[in-house]
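**Q** need a 3D model of the following:
(chains A and B)
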Amino acid sequence: MGHSHAPKKKGFLMDYLTTVDHKKIGILYFVAGGIFFLMGGLEALLMRIQLIVPNNTFLNGATFNEMMTMHGTTMIFLAAMPIIFALMNAIVPLQIGARDVAFPFVNSLGFWLFFFGGVLVNCGWFLGGSPDAGWTSYPPLSTSFSGFGIDFYALGLQIAGLGTLIGGINFLATIINMRAPGMTFMRMPMFTWASFVTSALILFAFPAITVGLVLLSFDRLFSANFFNVANGGNEVIYQHLFWIFGHPEVYILILPVFGIISEVISTFSKKRLFGYSSMVFATVLIGFLGFMVWAHHMFTVGMGPVANALFGIATMLIAIPTGIKIFNWLFTMWGGQIRFTTANLWAVGFIPTFVIGGMTGVMLAAPAADYQYHDTYFVVAHFHYVIVGGMVFGLFAGLYYWWPKMFGRMLNEALGKWNFWFFFIGFHLTFFPQHFLGLMGMQRRIFTFLPNQGLDFGNMISTIGAFGMTIGTIIFLINIAVTNSKPKKAPADPWDGRTLEWAIPSPPPEYNFKQTPQVRGYDALWVEKMAGNKGMTPAEPLGHIHMPSGSILPFIMSVGLFIAAFGLMYEKVSVAIIGALITLLCMLLRSLIDDPGYHVDPTEDKGVEA
Amino acid sequence: MSNRRWQHVWRLLPLLVVLTLLLTGCGDPYLSALTPSGPVADQQLSLMKISIGVMVFVFVVVMIIFTYVLVRYRKRPGQEGIPKQVEGSHTLEIIWTTIPIILLIVIAIPTVSTTFALAKDHWDDPDAIKVKVTGHQFWWEFEYPDLGVTTAQDLHIPVGKKIALQVSSKDVIHSFWVPALAGKIDANPGNANTMWLQADKAGVFKGKCAELCGYSHALMDFKVIAEDQASFDKWIAGMKAAETAKPTASTQLGQQVYEANCLACHAIGGQGGKVGPNLTDFGDRQTIAGYLDHNADELKRWISNPDEVKTGAKVKMPAFGDKLKPEEMDALVDYLMGLKINQ
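**A** Down below sits the predicted model:
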C-alpha cells in the first residue's frame, strides 16, 4: 500500500537529483543543454576569430581541430538533442493529457546518462587533449593517428547515446499508451506527432552508432582491426555505420522543430493547422525516407555511379514532403490574424531560412555536383542553414512559446525581439557567404587559409556575423535573468492556445491534470473554447492520484558508467569493473526493492509552489 | 509588427544581394569551381546551374506567398473575432506535391546522366595520361606509370588531354581536389578510386586536400600545372634523365649533405627512398611543403624544423637545424634550389 500524502519535502538539490517528474527532468535537460550550447557557441566563436584573416595565429592546427570537433559534437549531441528532449519532456505528456511519461524512473536515467556522457566528452579539455578528428571521427585518423582525446569522444557518446535511446523508447511507449480518452492518433497535436516519429527514428538509428563506436573503441583500446586495412579491415565501413545513424539523426533534430512550428504558427494565426493529415503523412514519410539516404554523405568515397545515383535520387525525394509542410504553414497563416510575438517571429524567420537550407540540400543531392561541394564550406553553409536557421530558430520559438508553461513566467517580449533580430541578421551574415567560400575553393575543417585566393572577404564577413549571433545569445541570457527575477505569475493560457497544455496552470501542479480530460477533437482545448466551455470536460471523477517516487539510483548508475569509462581509457581494469559493478548494483536494488510510489489528494493542493 | 520594423527587413535585402554579387565576383580563377577550366568542372557547374535555377524558382514562389501572407493577414490594432478555420484543401495538396515532383525530375535527369558520364573509367584509354595519386600526411605523391616518372606536389599535365587518375592513400583518408578542373575523390588507404580530369587552358591550378587528415590538413595544398604538349614532353624527358644541377663549389657540398642526410627518404631521379616527396625538380616547384613561398629563407626554415612548420604527421621529417652546420645548411639550400629540370 502506498502513502496517502506526498513524501516529506526535499531540499532543492536533492529534489532535482532524485526527481522522476517529467517537468523537472525537462528543466534539467534544458539547463544542461543550455550550458553545453554556450560552450559549443564559444568554441565556434574562437574558430571564427581564427578564420577572420588568412594565416592567422590565434589558434594553431591542433587546437583548432579540437575546437572544430568539440563544437560539432557538443552542439549536436549535448545541446540540440537535450533541448529537444527538454521540450518533449515538458510538453508531450501535457499535450496528450497524461500525468507523466510511461517510465518515469527510466526517464531520469536517460537524463543522467546524457549528462555524464556529456561531461566525459568534455573531460579532455583538462585531461590531456580533447577529441580532434571531427564530430564524425573517421578512422584511420581517429584510430591509429590520433591521441587520447578520441576515447573521451567514443566512450562519452556511447554513454550519452544510451540515454537518448532510453528516452526515445520512453516517448514511444508514452504516446502509444497514455493518451487521454478521445485522443486518437489523428487528434494528437503536431508536436506530439513529431515527437512520436522522432522517437521511432531514435530507436532505429542509435543502435547503428552504438555499433560504430564499439568497433572504434575496440580498434583503439584492444588493438582490433575492424578499420585497419593492413590487417584486413576496411575504414569505409565506419562511414556507413556512422551515417546510417547520422542521417536519421539530423531528422531527429528537425522533426520536433517542425512540430513546434506547426503549433506556434497555428496559435498565433488564430487558425487550425492547414492540411493536418498531410502534415502527419509528410512527417512519417520524412522519417522513413531519412533511413534511405545515408550514403549521400559518402558520394566521394568511391562507391560508383549506381550507388551514387540511387542515393542522390532518394535524397531529392525528401524535398517533396518537406515542401508540403512549408506550403501548409503558409496556408495556415493565410486568412488568419497573425500576431508577431517573439515566438512567432522565430517561427516566421524559420520559414525562408529553412527553405534556403533545403534548396542547398537538393543541390547537394546531385552526386556529380557534390564532387565539388563535398567537404567544403558549401556543406557547412547548408547544414548550418538547416540546423541553426531551422532547428535553433524553431527551438527559440518553442522556448518563448512554452516558457510560461515550464517556468510560470513570461519571457520579456522587448528583449525577445532584440534577441531575434541580432541572432537572425548575425546568422545570415555568418553563413550566407560560406556558400560562396566553398564554391571558390575553401575546404572544411581547415585551421587557416592562404591569402590572395579570393577567400579573405567572405571569411571576414562571416566572422562579423558570428559576433552578431553572440550578442543575440547574450541578450537571450539577459532575458532569462530578467524574467527569473519577476514573480511566477504567468496565466494558464497566455497565448489563447488550442492544445491541452494550456488547460492547466503555469507551471502545472505535480500531477498535471486534476482529472484526466475528455478529448473531443483535434486542437482539444480549442474545441471546448468554441463550444463556450471554460476548460476541459473531465473523463474521470476526482480522486487520489498515484505518483511515482523519486530515486537517486539513476544518478548513481550514470556515475558508475562514467567511472567504468575512465577505467577502460586508462587501462585500469579494476576501475572499469568497479564502475560497472556500481551500475549493476543499482539495477539490482531497483529490481529487488518494491517502490509503490505515493498518492496525492488533488483537492488539498493549495496551488503552485514557489 | 510595425511598419518601421518592416523597413529594416527591406533594407537588409539589398545588402544581401550586394554581398552575393561581390562574393561571386571575387574568386580566384585558378581555384574557384565557378570558373571552370576543364570539361569535368564545366559539366559540374552546368548541373549546379540547373539545380540552383529550379531551386531559386521555388524560393521565389515561396517568398511571394510568404510576404503576401505576412503583410495582408497581420493582426491590425483593434481587430477582433476569430478567422475562418480551414481544415485544408485537397486540390492544393495535389498541386504542391505534383509540381515539386516534376521539378525534381527536371533536376534528376541531368543529374543521373552526368553522374554516369563522369564515372567512366578512362584508365585504359590509349591517349589518356595515367597518374597514380597517393596522399600522405601532409603531401601528395604523383606517379606516371607509363612514363616512368615519379614526382610530388606539382602535377604536370598537358593541356587538352584526358588525365586518368587512380587515387589512394598511404596513411589516413585524404581527398584530391582541384576545383577549377574537377570535383574531388577520396584517397582511401587500401583501395584506389578512379577519376579523370582535363585542363582546357594552360595555367597553375590550385589543389587542396579535402578530407580532415590531421593537424596540418589545411596546409596540404598542391598544384596542377597545365602546359602545352611540348613543354610537358620536355618536363617528362627532364625528369627521366634526372639531371642534377651542375656542381659548383657550393652545390658540391650541398649534394654531399643531401646524400648523407636526405636521400634515404627523398629520391632524386631513380635514387633514394620513398618516405618523403621526390625532389627531382624541386628547384622548379611552385611552393615549399605545398604552401610556403619558394625561396631560400623559407626552405631553411622548413628544413630546420619541419614538424614546427607543419605539425602533426605521424611519420615526421626530422629537424635538421641543429644537425647541420650553418655552411652545410646554406649549401644544401643552394643545392635544392638549383634542382631544375629545364636548363
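**Q** by proximity to chain B, which residue of the stretch 401-550 of chain A wins?
**A** Nearest residue of the stretch 401-550 of chain A to chain B (Cβ to the nearest Cβ) works out as residue A:446 at 3.4 Å. Yep, even glycine has a C-beta here, placed from its N, CA and C like the rest.
**Q** using the three-state scheme, assign residue A:409.
**A** coil (DSSP: H, G, I helix; E, B strand; the rest coil).
**Q** neighbours of it, how many?
**A** 20 (other Cβ atoms under 10 Å in any protein chain shown).
**Q** was I right about residue B:153 contacting residue B:138?
**A** No - counting by Cβ atoms under 8 Å, residue B:153 does not reach residue B:138; the two are 10.6 Å apart.
**Q** contacting residues for the residue of the stretch 401-550 of chain A closest to chain B?
**A** If you count contacts by Cβ atoms under 8 Å, 6 or more residues apart in numbering or on different chains, residue A:446 has them with B:217, B:218.
**Q** ok, the residue of chain B found nearest chain A - contacts?
**A** Closest residue of chain B to chain A, Cβ to the nearest Cβ: residue B:183 (2.3 Å). Residue B:183 is in contact with A:300, A:368-372, A:374, B:33, B:40-41, B:44, B:118, B:177, B:195, counting by Cβ under 8 Å, 6+ apart.
**Q** ok, so of those, who is nearest residue B:69?
**A** Comparing the contacts of residue B:183 against residue B:69 with Cβ to Cβ places residue A:369 closest, at 32.6 Å.
**Q** what distance do you get for the closest one to residue B:316?
**A** 38 Å (Cβ to Cβ, to the nearest Å).
**Q** could you pull out the strands for the chain?
**A** Since you didn't name a chain, this refers to chain A. Taking DSSP state E as the test, the strands found in chain A are A:545-547, A:598-600.
**Q** try again with chain B
**A** B:129-136, B:139-144, B:149-152, B:154-158, B:163-169, B:174-178, B:182-187, B:193-197, B:203-209, B:222-227, B:287-288, B:292-293.
**Q** let's have those strands in TSV, adding mean pLDDT.
**A** As requested, these are exported to TSV (pLDDT from 0 to 100):
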stretch	mean pLDDT
strand B:129-136	98
strand B:139-144	97
strand B:149-152	95
strand B:154-158	98
strand B:163-169	98
strand B:174-178	98
strand B:182-187	97
strand B:193-197	97
strand B:203-209	98
strand B:222-227	98
strand B:287-288	97
strand B:292-293	96
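**Q** nearest to residue A:430, of these?
**A** strand B:203-209 (22.3 Å).
**Q** residues shared between the contacts of residue B:153 and residue B:138?
**A** Counting by Cβ under 8 Å, 6+ apart, the contacts common to residue B:153 and residue B:138 are residue B:290.
**Q** is stretch B:36-44 anywhere near chain A?
**A** Yes - for stretch B:36-44 and chain A, the contact criterion (Cβ under 8 Å from any Cβ of the partner chain) is met by B:41, B:43, B:44.
**Q** got a winner among these for most neighbours?
**A** That'd be residue B:41 among the residues of stretch B:36-44 next to chain A, by other Cβ under 10 Å, with 27 neighbours.
**Q** so what's that one up against?
**A** Contact partners of residue B:41, counting by Cβ under 8 Å, 6+ apart, are A:372, B:33, B:179, B:180, B:181, B:182, B:183, B:197.
**Q** name the residues of the stretch 201-343 of chain B found near chain A, please.
**A** Counting by Cβ under 8 Å from any Cβ, the stretch 201-343 of chain B sits next to chain A at B:206, B:208-219, B:221, B:291, B:311-312, B:314.
**Q** just the buried members of those?
**A** With burial judged by 16 or more other Cβ atoms under 10 Å in any protein chain shown, the buried subset of those is B:206, B:208-219, B:221, B:291, B:311-312.
**Q** is chain B contacted by stretch A:426-433?
**A** Yes - Stretch A:426-433 is in contact with chain B by Cβ under 8 Å from any Cβ, via A:428, A:432, A:433.
**Q** roughly how far is that stretch from the heart of the chain?
**A** 22 Å (Cα atoms, centre = their mean, to the nearest Å).
**Q** dump it to PDB, keeping only the CA atoms.
**A** This file holds the C-alpha atoms of stretch A:426-433, laid out as PDB (Å, rounded to 0.1, in the frame of the first residue of the first chain):
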ATOM      1  CA  GLY A 426      24.100  37.700 -37.500                       C
ATOM      2  CA  PHE A 427      23.200  34.200 -38.700                       C
ATOM      3  CA  HIS A 428      22.700  35.200 -42.300                       C
ATOM      4  CA  LEU A 429      25.900  37.300 -42.300                       C
ATOM      5  CA  THR A 430      27.800  34.300 -40.900                       C
ATOM      6  CA  PHE A 431      26.600  31.600 -43.200                       C
ATOM      7  CA  PHE A 432      25.400  33.100 -46.400                       C
ATOM      8  CA  PRO A 433      28.900  34.000 -47.600                       C
END
